[in-house]
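[1] predicted model, plus sequence, below.
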Amino acid sequence: MHEMGIAMEVLRIAEESVPPGMTGIRIQRINLKIGRLSAVVTESLRFCFDVVAKDTLADGAELAIEEVTVNACCQDCGHQWTVDQPVFVCPACNSGHIELLSGRELNIESIEIEEEDDADADQG
Ligand SMILES: [Zn+2]
């Protein structure tokens, strides 16, 4: 279950992003970009994150996950396209010499922090 390892890594990075000495704050939301080829089950990742974030700065933080499509580039003819099937052959020239441009990433785009004193302004 590699979602647990990813959840711990996301939490570690999120906690490290909080400036040292900052107190009375809470990590409210973490914006992630995850490539479709990274084989992450987003529901599972959310569940694991809730578990590992318990009693940390990110306790109750929302994971906002954006799935990134898989884009490939043919090394032979330069054709670029979005891969929507597990067959990696250039649709323009049938070459199998393909470079993946995106789809494997797991990036933390941004982390939103709130001060606990202002927590009652939430409409959600
Ligand atoms: Zn090609």
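    Thanks, I have it. Residues are numbered from 1 along each chain as shown.
[2] in the worst-scoring helix or strand of the chain on mean pLDDT, which residues are buried?
    Of the helices and strands making up the chain, the lowest-confidence element is strand 98-102, at a mean of 88, by mean pLDDT, DSSP states H and E. Buried positions in strand 98-102, judged by neighbour count with 16 or more other Cβ atoms under 10 Å: 98, 102. Every C-beta, even on glycine, is put in place using the N, C-alpha and C of the backbone.
[3] got a list of contacts for it?
    Applying Cβ atoms under 8 Å, 6 or more residues apart in numbering, the external contacts of strand 98-102 come out as 35, 37, 68-75, 80, 83, 88-90.
[4] in strands only, show me those residues.
    In this view, the contacts of strand 98-102 that belong to strands under DSSP state E are 35, 68, 70, 71, 72, 73, 74, 80, 83.
[5] please name the nearest non-neighbouring residue to the third one.
    This means residue 70. residue 103 (3.1 Å; Cβ to Cβ, 6 or more residues apart in numbering).
[6] for the last one, same thing?
    Nearest-residue entry for residue 83: residue 70, 4.1 Å, with adjacent residues in sequence omitted and distances by Cβ to Cβ, 6+ apart.
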